[in-house]
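[1] Only the shape, not the letters, is given here:
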C-alpha cells in the first residue's frame with residue numbers, strides 16, 4: 001500500500017489544491033502501463049463493445065469540472081474521521097456520452113470499473129481493483145473519464161492514463177489506471193465492493209451500505225489548532241462539502257454548547273464551499289471552536305462516532 005498525506009486541514013488555504021499538496025493512496029501499489037499497448041475496453045450489457053486507445057480518448061469532446069475529492073478513510077476503521085480532503089479541476093470526457101453511443105440495455109443495473117493495479121491488501125489478494133456504481137449514477141452527465149488534473153496530464157500516481165471521477169462520491173470509487181468498464185445487472189463480487197468500503201447500518205448493524213455519497217462535513221482552517229489569538233475581532237473560516245452541496249454551516253465557540261450561523265459561499269460545480277464567521281472573543285482564555293455542516297438534503301454533520309464527525313479546534317485568546 002502506498003500513502004502520502006502531505007497536508008493537515010489547516011494547510012488547505014487554496015480553493016484549488018495544488019497537485020504537490022494532494023494526498024496519494026494506492027491499495028496495491030502502482031502498476032506499470034505501456035501507453036502504446038493500453039486500451040480501455042467497455043463491454044457487457046451494451047449493444048456495442050468498444051476499445052478506445054489513449055489517442056482516441058484525447059480526440060473526444062473535452063470537459064472540465066471542479067470537484068472536491070475526499071478519502072473515506074481506513075475501511076478497517078470506517079467511523080474514524082480521516083479528513084483527507086482536496087479540491088481540484090478534473091479534465092476528461094463524459095462517460096454518459098460514450099454510454100449513450102453504445103446503447104445501454106434495459107437489464108443494466110450497475111457499472112463495474114476495473115483498474116490495472118493488483119496485489120495484496122490487508123491480507124486479501126486481488127487480481128484488480130474493482131468498484132461499481134449504479135447505472136443511474138453512471139448516466140449522470142458529470143461522471144468523467146479523466147486524464148487531466150488541474151490542467152495537466154495525470155501523473156502515474158494519480159491514475160495515468162485514465163481514471164474515473166464520480167462527483168459527490170468518496171475517492172475510493174474514483175478508480176485509477178482504468179482498463180475495463182463492464183455494464184451488468186449485478187454488483188461486483190470484488191474485494192473492494194464486498195469486503196472493504198461498506199458501512200454497517202440498522203439497529204443490528206446487519207445491513208451493508210456501500211461507501212458512495214459523501215456525507216456533510218466541514219473543517220475550520222483558520223485559526224489553527226493551538227493557535228494563540230489576540231483579544232480582538234476575528235474572522236473564523238473553513239471549508240464545507242457534501243455530495244448534495246452545503247445548505248448551511250453553524251459555528252460554536254464554546255465546545256458545542258451553543259451554535260450560530262456562518263456565512264456560506266455558493267457552490268461552484270462540485271467544489272467545496274467556503275464559510276466565514278465573525279467572532280469577538282468576550283474574554284481571554286481557552287476556547288474550543290467547532291463547525292457543523294448541513295447538506296442540501298438536510299442531513300447534519302454528527303458530533304462524534306462517524307467518519308464525518310465534527311472537528312474541534314482548541315485555541316487560546318490572550
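    On my side now, so go ahead. None of the values given here were measured: they were computed from a predicted structure.

[2] quick one: the helix ranked longest in the chain to chain centroid distance?
    Counting residues, the longest helix found in the chain (DSSP state H) is helix 95-102. Centroid separation between helix 95-102 and its chain, computed with Cα atoms, centre = their mean, to the nearest Å, is 23 Å.

[3] could you give the angle of the very next helix or strand once past it to helix 95-102?
    Downstream of helix 95-102, the first helix or strand assigned by DSSP states H and E is strand 110-115. Relative orientation of strand 110-115 versus helix 95-102 (axes from the mean of the first three to the mean of the last three Cα atoms, to 10 degrees): 110 degrees.

[4] what pairs with strand 110-115, and is each one parallel or antiparallel?
    Take DSSP bridges as the rule and strand 110-115 pairs in its sheet with strand 130-134 (antiparallel), strand 178-184 (antiparallel).

[5] For residue 146, find the nearest of the ones you listed.
    strand 178-184 (9.4 Å; Cβ to Cβ). Every C-beta, even on glycine, is put in place using the N, C-alpha and C of the backbone.

[6] elements contacting whichever helix or strand comes after that closest one?
    Sequence-wise, the next helix or strand downstream of strand 178-184 (DSSP H and E) is helix 191-194. In terms of contacts (3 or more Cβ pairs under 8 Å, 6 or more residues apart in numbering; DSSP states H and E), helix 191-194 is packed against strand 124-126, strand 130-134.

[7] buried residues in the first one?
    Neighbour-count burial for strand 124-126 flags residue 126 (criterion: 16 or more other Cβ atoms under 10 Å).

[8] Enumerate every residue touching residue 256.
    For residue 256, the contact set (Cβ atoms under 8 Å, 6 or more residues apart in numbering) comprises 288, 290, 303, 310.

[9] If we use 7 Å, what do you get?
    By Cβ atoms under 7 Å, 6 or more residues apart in numbering, the contact set of residue 256 is 290, 303.

[10] How confident is the prediction for it, by pLDDT?
    As predicted, residue 256 sits at a pLDDT of 95.

[11] Next: the one 10 residues further on.
    The model reports residue 266 with a pLDDT of 97.

[12] Rebuild the strands paired with strand 110-115 as TSV, extending it with distance to residue 284 and mean neighbour count.
    Below are the strands paired with strand 110-115 laid out as TSV (distance: least, Cβ to Cβ, whole Å; neighbours: other Cβ atoms under 10 Å):
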stretch	distance to residue 284	mean neighbour count
strand 130-134	51	22
strand 178-184	55	21
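
[13] count of neighbours near residue 106?
    Each residue near residue 106 was counted by other Cβ atoms under 10 Å, and the total is 6.

[14] and the nearest residue to residue 178 once chain neighbours are set aside, how far is that from residue 259?
    Nearest non-adjacent residue to residue 178, counting by Cβ to Cβ, 6 or more residues apart in numbering: residue 162, 4.5 Å away. From residue 162 across to residue 259, the span is 44 Å (Cβ to Cβ, to the nearest Å).

[15] quick one, which of these two is more surrounded?
    In this view residue 162 and residue 259 are compared by other Cβ under 10 Å, and residue 162 has more residues nearby, 25 against 15.

[16] how about the helices and strands packed on helix 191-194, which one is nearest residue 20?
    Here strand 130-134 is closest among these (Cβ to Cβ), at 26.4 Å.

[17] what's the average pLDDT for that closest one?
    Mean predicted confidence for strand 130-134 is 96.

[18] if we can go back for a sec, buried sites along the longest helix of the chain?
    95, 96, 98, 99, 102.

[19] TSV for the strands paired with strand 110-115, including distance to residue 212?
    What follows is those, written out as TSV (distance: least, Cβ to Cβ, whole Å):
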stretch	distance to residue 212
strand 130-134	7
strand 178-184	17
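
[20] So for residue 61, which of these sits nearest?
    Comparing the strands paired with strand 110-115 by Cβ to Cβ, strand 178-184 comes nearest, at 18.1 Å.
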